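K.L.:
Fold the stuff below for me.
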Amino acid sequence: MGNEVELLEHWRELTPEKQQKVLEFVEQLKSESETTPPESDFVPQTPLAKKLWSIRQRAIAAGLQLLNEEEIEIELAARRGGLRES
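P.N.:
Below you'll find the model as predicted:
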């Protein structure tokens, strides 16, 4: 039996409240995969890079959601009074 078929069978057995919880969990997983890069072999070389990498790792471990490039641009625009480059 394929994963999709099995998932749908289990889905149909859930109450609407539990189905909502599943949807929220899937959204959380999707969000994590979009913002959390896979483990890499990256090793910072300079003292500044080591410090920034450490801060980043602590933020991820604390559950903070990292922003993507577009989200950073939106936040910067908001902090600068709403002006945005096109």
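K.L.:
And the next helix or strand past the worst-scoring helix or strand of the chain on mean pLDDT?
P.N.:
None of the helices or strands of the chain scores lower by mean pLDDT, DSSP states H and E than helix 16-35, at a mean of 82. Using DSSP states H and E, the helix or strand that directly follows helix 16-35 along the chain is helix 47-61.
K.L.:
Buried ones in that next one, by neighbour count?
P.N.:
Applying a neighbour-count criterion of 16 or more other Cβ atoms under 10 Å, one finds nothing buried in helix 47-61. In short, each C-beta sits where N, CA and C put it, glycine included.
K.L.:
and the gap between residue 28 and residue 21?
P.N.:
Look at residue 28 and residue 21: by Cβ to Cβ, to the nearest Å, they are 10 Å apart.
K.L.:
got it, and residue 45?
P.N.:
Residue 45 is 44 Å from residue 21, by Cβ to Cβ.
K.L.:
any idea which residue sits dead centre in this structure?
P.N.:
Closest to where the C-alpha atoms of the chain average out (Cα atoms, centre = their mean) is residue 32, at 2.9 Å.
K.L.:
you'd agree residue 65 is up against residue 28?
P.N.:
No - using Cβ atoms under 8 Å, residue 65 makes no contact with residue 28, being 9.9 Å away.
K.L.:
who's more crowded, these two?
P.N.:
Ranked by neighbour count (other Cβ atoms under 10 Å), residue 65 and residue 28 place residue 65 first, with 14 against 11.
K.L.:
Where does pLDDT dip in this structure?
P.N.:
1, 33-40, 83-86 (pLDDT under 70).
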